[in-house]
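K.L.:
Turn this into a model:
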Amino acid sequence: MMNITPLIPDGYIGPIKRLNCRVCGHTFYITQADYDAMQEVRYCHECSMILASEVGKAQATKAPAHKQEMRQSLPSSSQLTRVSRPRTIDRDKMTVEQLLEEARAHYKAWRYTGSLLTQVKTSYRERWAVPV
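P.N.:
Prediction:
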């Protein structure tokens, strides 16, 4: 079972340890006593609670045995879910702000494409340049 990282109680006066969560990357604090008592502290309180619940769910619903998977038949075509068609943008119904935002995004993508092409050309020239 996974340990849940405890919170520092209100009014606590004593040494604390500053750590970084390996999931969310945020800095969190734990009392030195809790840090010494726990084997390994990798996650903040919130992430450790989420991970503990996910581990509990996974253990409760263990995957079926390999033989049972082989016995199950493939779903029929009537049971398959249909994937919806991609949405299209109706520019006639967009506000001016939305149109300007879309134009900025297209311009930014165009600039990135141009700079990437320039970088590729430069690296190609440097790679195949003949020394004089």
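K.L.:
Can you get me a residue count around Arg125?
P.N.:
Neighbourhood size, Arg125 [other Cβ atoms under 10 Å]: 9. Glycine gets a C-beta too; all of them are placed from N, C-alpha and C.
K.L.:
all strands of the chain, in order?
P.N.:
Along the chain, the segments classed as strands by DSSP state E run 16-20, 27-31.
K.L.:
would you list the ones you listed in CSV and tack on mean pLDDT and distance to Cys44?
P.N.:
Formatted as CSV, those follow (pLDDT from 0 to 100; distance: least, Cβ to Cβ, whole Å):
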stretch, mean pLDDT, distance to Cys44
strand 16-20, 89, 8
strand 27-31, 89, 4
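K.L.:
Can you say which of the ones you listed is packed in most?
P.N.:
strand 27-31 (a mean of 16; mean count of other Cβ atoms under 10 Å).
K.L.:
hmm, back to that, of the strands of the chain, which approaches Ser115 most closely?
P.N.:
strand 16-20 (33.4 Å; Cβ to Cβ).
K.L.:
Would you mind confirming that Lys17 makes contact with Thr27?
P.N.:
No - taking contacts as Cβ atoms under 8 Å, Lys17 lies outside contact range of Thr27: 11.0 Å.
K.L.:
picking up where we left off before, so which of the strands of the chain gets nearest Leu116?
P.N.:
Leu116 lies closest to strand 16-20 among the strands of the chain, at 33.1 Å (Cβ to Cβ).
K.L.:
got a list of contacts for the closest one?
P.N.:
Ile8, His26, Thr27, Phe28, Tyr29, Ile30, Thr31, Gln32, Tyr35, Val41 (Cβ atoms under 8 Å, 6 or more residues apart in numbering).
K.L.:
contacting residues around the third one?
P.N.:
The reference is to Thr27. Counting by Cβ under 8 Å, 6+ apart, Thr27 makes contact with Arg18, Leu19, Asn20, Cys21.
K.L.:
Val41 - how many residues pack around it?
P.N.:
So Val41, with other Cβ under 10 Å, has 19 neighbours.
K.L.:
Arg111 too?
P.N.:
Residues near Arg111, counting by other Cβ under 10 Å, number 10.
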